[in-house]
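> structure, please.
(2 chains)
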Amino acid sequence: DVKVTQSSRYLVKRTGEKVFLECVQDMDHENMFWYRQDPGLGLRLIYFSYDVKMKEKGDIPEGYSVSREKKERFSLILESASTNQTSMYLCASSLRPGLAGLTGRYEQFFGPGTRLTVL
Amino acid sequence: AQSVTQLGSHVSVSEGALVLLRCNYSSSVPPYLFWYVQYPNQGLQLLLKYTSAATLVKGINGFEAEFKKSETSFHLTKPSAHMSDAAEYFCAVSEGGTASKLTFGTGTRLQVTL
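Numbering: from 1, shown residues only, chains lettered A, B, ... in the order given. Here you go, the predicted model:
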């Protein structure tokens, strides 16, 4: 089974701190994603990556950056944390479309989430 | 642009009753559709998916969903609710493409009462 792990389940940081959230997947997936989840808003895409060193903005990239130096690892960076970034952060991965078509596995696989509180 | 609408942010059913969670989508191309479940303090787990094969899709834990193109719907059902079904459910749509991005609905919290 695919396993997606996130470095922390709970994190408390102070306003202005630089915050790193790490995500690792073990199934050689090309695509990786970062979402934030807020009550009543569902999941919103922050950034995604379809290859090493490639990244694209999602729907709400402001205040965030990402890094993908290795295929299995995708990091989310909050350059200067603010209270409005208090949220649940979810990482996901998936196969590239060609392989997904061959296997029928079009879905994304999610990590357990990191609940970040910024004070 | 694709979008997903989940009617009802909270649904409450009695144990043993029918579960019906509604999802309508908009998409400019034939979509892939997904239902995910999230238990408290956990990530999302795939319940079932529609990827242009059979329109009636069966998933885990006794759930199923029917893709209706004419109604742009993909409602999730289960004949008999169990207490363990209490969770939040998300419908999502993908139009494929390079990274197969998903667009999620805002979620429906299912409560199951005795």
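
> which residues are in contact with A:Lys71?
By CB atoms under 8 Å, 6 or more residues apart in numbering or on different chains, A:Lys71 lies in contact with A:28, A:30, A:52. Glycine gets a C-beta too; all of them are placed from N, C-alpha and C.

> which parts of chain A sit against chain B?
When proximity is defined by CB under 8 Å from any CB of the partner chain, chain A lies next to chain B at A:4, A:9, A:31, A:33, A:40-45, A:48-50, A:56, A:58, A:90, A:92, A:94, A:96-97, A:100, A:104, A:106-113, A:115.

> buried subset of the residues you listed?
A:4, A:31, A:33, A:42-45, A:48-50, A:58, A:90, A:92, A:94, A:97, A:100, A:106-113, A:115 (16 or more other CB atoms under 10 Å in any protein chain shown).

> next, the buried residues of the worst-scoring helix or strand of chain A on mean pLDDT.
Least confident helix or strand, chain A: helix A:97-103 with a mean of 72, by mean pLDDT, DSSP states H and E. Neighbour counts over helix A:97-103 (16+ other CB under 10 Å) mark A:97, A:100 as buried.

> next, count neighbours for the residue nearest to A:Lys53 when sequence neighbours are not counted.
Counting by CB to CB, 6 or more residues apart in numbering or on different chains, A:Lys53 lies nearest to A:Arg68, which is 6.2 Å off, once chain neighbours are set aside. The number of residues packed around A:Arg68, counting by other CB atoms under 10 Å in any protein chain shown, is 20.

> just checking, what packs against the strand or helix carrying A:Arg68?
Element membership of A:Arg68, judged by DSSP states H and E, is strand A:64-70. Packed against strand A:64-70 by the contact rule (3 or more CB pairs under 8 Å, 6 or more residues apart in numbering or on different chains; DSSP states H and E) you find strand A:31-38, strand A:42-49, strand A:73-78.

> tell me the mean pLDDT over the shortest one?
If you average the pLDDT over strand A:73-78, you get 97.

> same question, stretch A:43-63
93.

> how long is that stretch end to end?
End-to-end distance of stretch A:43-63 (CA to CA, to the nearest Å): 17 Å.

> which pLDDT value goes with the most centrally placed residue in chain A?
With distances taken as CA atoms, centre = their mean, the residue of chain A nearest its centroid is A:Trp34 (2.4 Å). According to the prediction, A:Trp34 has pLDDT 97.

> mind checking how far it is from B:Val4?
Distance, A:Trp34 to B:Val4, by CB to CB, to the nearest Å: 19 Å.

> same check, this time on B:Asp85
21 Å.

> more neighbours, these two?
In this view B:Asp85 and B:Val4 are compared by other CB under 10 Å, and B:Val4 has more residues nearby, 23 against 19.

> parallel or antiparallel, which strands does the strand or helix carrying the more buried one pair with?
Using DSSP H and E, B:Val4 falls within strand B:3-5. Strand B:3-5 has the following strand partners under DSSP bridges: strand B:24-26 (antiparallel).

> average pLDDT for the partner strand?
93.

> repeat for stretch B:45-54
88.

> which residues does the residue nearest the centre of chain B bridge with?
By CA atoms, centre = their mean, chain B has its centre lying nearest to B:Trp35, at 3.4 Å. B:Trp35 has these beta-bridge partners by DSSP bridges: B:Leu48, B:Cys91.
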